[in-house]
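> Please work out how this folds:
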Amino acid sequence: MFELLAKGEAPEIAPVFSAKSPLFCRYPLVESSLGLTSAQTHQLLDDLVRNSYLKRQFYDKIVLCPACSARELRFLTLCPKCRSRHILKAKVFEHLACGTVATEADFTRNGTYVCPKCRLELQLLESDYRMPDGYSKCHDCGELTDRPVTKWRCEKCQSEMDQSELHELCLYSLRLNEAQSYRLRSLSIPRTQIEAILTREGYEIQREAKVVGRSGAVAEIDLLATRSENSVEHRVVIGFATAEEAVDSEEVIRLYAKAYDVNAQEIILIALPALSEDARQFAQHYHIRVLDDSDLNQLETKLLVS
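Below is the predicted model:
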């Protein structure tokens, strides 16, 4: 998941509504890629937002039944007089001279428009009459209204409720916080995959190893891989470095100093997104093998090149 975000292959972590989830929301991308439950996923994402790795963004609003939390809601309009649901939108005229409001059919007399109240003929729209929007007519009691009663009905539990009673749930997607994107890249380094590849090659792996070097100082090494052949020990020191734009030469020099002090025969630097030009020249000088973003899709091939 983090690899996809850091590389821009997944622009966001999108939510999916789930009635079975306590928070009515799941994030399948995270669950499937990390093997987490819905509750664990929410906790992880909350932590990443709190630590500014990710930022929330409004995605959608879901309207739920307040009685059973179902989404199967139906909008109803009712006659304010008799409460019938047989109320439909109507085309109405308003006679500007006397204020009469009625349906077009009520104004129609032998092909002309005549006010049913004062009997004056209507000729010019916006001069004699206007056609206001938003009216409905009840076909049971004949009531004409521009304020029908509105209700919502849950198709699951059959409860009826007002708009104000509905439960509104906002869903939020999560995007990479660009200001902290280089920090998130450290989470995208496939450390477990690297360890598995080297283990298959016969190496013993120490993560975050603390090794006393020839100088007497303790070197803290991200990953130390050791393999013995004919009583000869082969040490590989692997360092991980990330930066907002490019990893600088200080990381290369620091890694070389550690590897030299612990008598490593091979040095590998995983640098995301890449090394700066100066750092790459130092890496070549010190014979440090560098893997960057472009190499992660061919990790095993690139890692085992001698």
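
> From now on I want contacts and neighbour counts done on CA atoms only, so please keep to that.
OK.

> Tell me the buried residues in the helix or strand hosting Ala241?
Ala241 is part of strand 232-242, with elements assigned from DSSP states H and E. By neighbour count on 16 or more other CA atoms under 10 Å, the buried set for strand 232-242 is Arg235, Val236, Val237, Ile238, Gly239, Phe240, Ala241, Thr242.

> Stretch 241-260 too?
241-244, 246-249, 251-253, 255-256, 258-260.

> what's Thr226 in contact with, if anything?
By CA atoms under 8 Å, 6 or more residues apart in numbering, the contact list for Thr226 reads Tyr203, Glu204, Ile205, Glu233, His234, Arg235, Val236.

> one more time with 6 Å, if that's ok
By CA atoms under 6 Å, 6 or more residues apart in numbering, the residues touching Thr226 are Tyr203, Glu204, His234, Arg235.

> between these, which is nearest Leu44?
If you rank the contacts of Thr226 by distance to Leu44 using CA to CA, Glu204 comes first, at 30.6 Å.

> would you list the contacts of Thr226 in JSON lines and tack on distance to Ser127 and pLDDT?
Below are those laid out as JSON lines (distance: CA to CA, whole Å; pLDDT from 0 to 100):
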{"residue": "Tyr203", "distance to Ser127": "93", "pLDDT": "93"}
{"residue": "Glu204", "distance to Ser127": "93", "pLDDT": "94"}
{"residue": "His234", "distance to Ser127": "98", "pLDDT": "92"}
{"residue": "Arg235", "distance to Ser127": "95", "pLDDT": "93"}
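
> coming back round to it: quick check, nearest of the buried residues of stretch 241-260 to Glu165?
Closest to Glu165, out of all of the buried residues of stretch 241-260 and judged by CA to CA, is Glu244, at 47.4 Å.

> if we can go back for a sec, and the strand holding Ala241, how far out from the chain middle?
36 Å (CA atoms, centre = their mean, to the nearest Å).

> right, and the helix or strand after it?
helix 249-261.

> tell me the angle that following helix makes with strand 232-242.
Calculated by axes from the mean of the first three to the mean of the last three CA atoms, to 10 degrees, helix 249-261 forms an angle of 160 degrees with strand 232-242.

> Which neighbouring residues are in contact with the residue nearest to Gly202 when sequence neighbours are not counted, exactly?
Spatial nearest neighbour of Gly202, chain neighbours left out: Arg227 (6.3 Å); criterion: CA to CA, 6 or more residues apart in numbering. Neighbouring residues of Arg227 by CA under 6 Å, 6+ apart: Tyr203, Glu233, His234.

> May I see those residues organised as TSV, with distance to Cys118 added?
Shown next, in TSV, are the contacts of Arg227 (distance: CA to CA, whole Å):
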residue	distance to Cys118
Tyr203	101
Glu233	110
His234	107
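
> list the contacts for the closest residue to Leu198 other than its chain neighbours?
Excluding its sequence neighbours, the residue lying closest to Leu198 (CA to CA, 6+ apart) is Ala225, at 7.3 Å. By CA under 6 Å, 6+ apart, the residues touching Ala225 are Tyr203, Glu204, Ile205, Arg235, Val236.

> Just read off the phi/psi values of the third one.
Dihedral pair for Ile205: phi -110, psi 140, per degrees, to the nearest 10.

> does it have beta-bridge partners, and which?
Beta-bridge partners for Ile205, by DSSP bridges, are Ala225.

> ok, it to Leu303 distance?
Noted for Ile205: a distance of 15 Å to Leu303, by CA to CA, to the nearest Å.

> circling back to that earlier point, for the buried residues of stretch 241-260, work out which two are farthest apart.
Most distant of these, by CA to CA, are Glu244 and Tyr260, 27.6 Å apart.

> what secondary structure does Ala279 sit in?
helix (DSSP: H, G, I helix; E, B strand; the rest coil).

> Now it. Nearest residue, chain neighbours left out?
Ser249 (3.8 Å).

> Find me the pLDDT at the one you found, would you?
Per-residue confidence (pLDDT) for Ser249: 94.

> residues of stretch 37-53 that come out buried?
For stretch 37-53, by 16+ other CA under 10 Å, it's Ser38, Thr41, His42, Leu45, Leu48, Val49, Ser52, Tyr53.

> Strands of the stretch 151-300 of the chain, residue ranges please.
160-161, 167-176, 204-212, 218-229, 232-242, 266-272, 289-291 (DSSP state E, counting those that start in this stretch).

> from the contacts of Thr226, which is closest to Arg26?
For the contacts of Thr226, the closest approach to Arg26 (CA to CA) belongs to Glu204, at 38.6 Å.
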